[in-house]
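Fold the following and give me the result.
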Amino acid sequence: MKNKLSKAHEKYLKRLRKDKAIVIFWRIALLACFLGIWQLLADTHVIDPFFFSSPSRIATTLVNLFATGNLWLHIWTSLYKTILGFVIAIVLGLIIAIALWWSDRLRKILEPYLIILNSLPKIALGPMIIFWVGSGTSATVVMSVLICIVITIISMLNAFISCDKDKILLMKSMHANKFQILFKLVLPNALPEFVSVLKINVGMSWVGTVMGEYLSSKAGLGYLINYGSQMLKLDIVMTSIFLLCLLASGMNLLVSLLEKRQQK
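Presented below is the predicted three-dimensional model:
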């Protein structure tokens, strides 16, 4: 019986590995096809390479930026601001969500304002942010935090509120205090939603960083996009977008690894 089970288990694991290999193969194949078709269309002038660039022109631009020594400066500047805004938004958003869950009265008072703040285009606050905190890194980080924090608060608060009421009543019947209910039931129950919020905020934090660098920055990928568009150097714009995709994918991969660890 054990041998049969082990053989069945081995067959199941083999099928999983095969499925994973097929998924990875097709991901790479689709990317290669996309890049190949893009390059072909540019070479045959079906699309204008000046406006749409091409993989070869992006590679050349990357080499040129690396040769000038500015590439790593722009990458590190944007990455630093994004990670800082991401972490601040997650920590503050989680604390505020806990406070709103803790106090029903406070939640009822602030909930309409959260909805209004979430619907407000954050770019409209850009000039005011520069006046409030100054230009450069601080303005970009604040913009990133503003974009991410409301999403974090609303998502985590909904996860806290949706916790099973019967389980909460059971813990109360066993004389558990609010701290125990929070740390032993509500927070563990909200862990999947927390991982989802991390995934969402990876992209939103990059949006905030690029928007902030558009408004006020002398370095970073957002600055490169703004500079390239103003100078009609669209290869620089496309190269910056390509780098943004790589960096955002890297951050998302780290969150996915955290999710797999949490599922175990």
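
Now do the SS call for Lys218.
Taking DSSP: H, G, I helix; E, B strand; the rest coil as the rule, one finds Lys218 in the coil state.

the helices in this structure, which residues?
For the chain, helices defined by DSSP state H occupy the ranges 2-43, 49-52, 55-68, 71-102, 104-119, 126-133, 137-161, 165-173, 178-181, 187-189, 191-215, 221-230, 234-263.

mean pLDDT lowest for which of these?
Mean pLDDT is lowest for helix 126-133 among those, at a mean of 78.

what domains does the record give for this protein?
The chain breaks down by automatic domain parsing into domains covering 2-47, 57-263.

Of those, flag the one that's most buried.
With neighbours taken as mean count of other Cβ atoms under 10 Å, the domains of the chain reach their highest mean count in domain 57-263, at a mean of 17. Where C-beta positions appear, they are placed from N, C-alpha and C, glycine not excepted.

Off-centre distance for that one?
6 Å (Cα atoms, centre = their mean, to the nearest Å).

Next: stretch 51-61.
With Cα atoms, centre = their mean, you get 26 Å for stretch 51-61.

So that it lines up with my notes, have the first residue be 31 from now on.
Right, with 31 as the first residue, what we last looked at is stretch 81-91.

Contacts for it, please.
Under the contact criterion Cβ atoms under 8 Å, 6 or more residues apart in numbering, stretch 81-91 has outside partners 65, 68-69, 71-73, 79, 264-269, 272.

Quick check: the residue nearest the centre of the chain vs Ser226, distance?
The centroid of the chain falls nearest to Val232 when counting by Cα atoms, centre = their mean (0.9 Å). According to Cβ to Cβ, to the nearest Å, Val232 stands 11 Å off from Ser226.

before we move on, the earlier item: kindly indicate which of the contacts of stretch 81-91 lies nearest Asp196.
The closest of those to Asp196 turns out to be Phe272 (Cβ to Cβ; 50.6 Å).

Could you check how far the closest residue to that closest one other than its chain neighbours is from Ala154?
The spatially closest residue to Phe272, leaving aside those adjacent along the chain, is Ile88, at 5.6 Å (Cβ to Cβ, 6 or more residues apart in numbering). Going from Ile88 to Ala154 by Cβ to Cβ gives 33 Å.

likewise Gly115?
In terms of Cβ to Cβ, Gly115 sits 18 Å off from Ala154.

can you check Arg57 too?
38 Å.

what does Leu103 give?
30 Å.

One more: Gln260?
Distance check for Gln260 against Ala154: by Cβ to Cβ, it reads 22 Å.

what does Leu221 give?
For Leu221, the distance to Ala154 equals 34 Å [Cβ to Cβ].

Tell me the spatial nearest neighbour of Met201, not counting adjacent residues.
Per Cβ to Cβ, 6+ apart, closest to Met201 is Ile211, 5.3 Å.

quick one: contacts for that neighbour?
198, 201-202.

swap the cut-off to 10 Å and go again
Contacts for Ile211 (Cβ atoms under 10 Å, 6 or more residues apart in numbering) come out as 193, 197-198, 201-202, 217.

Leu114 too?
Neighbours of Leu114 in contact, by Cβ under 10 Å, 6+ apart: 167, 170-171, 174-175, 235, 239.

TSV for those, including distance to Ala189?
What follows is the contacts of Leu114, written out as TSV (distance: Cβ to Cβ, whole Å):
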residue	distance to Ala189
Thr167	32
Thr170	29
Val171	26
Ser174	22
Val175	20
Ser235	20
Thr239	26
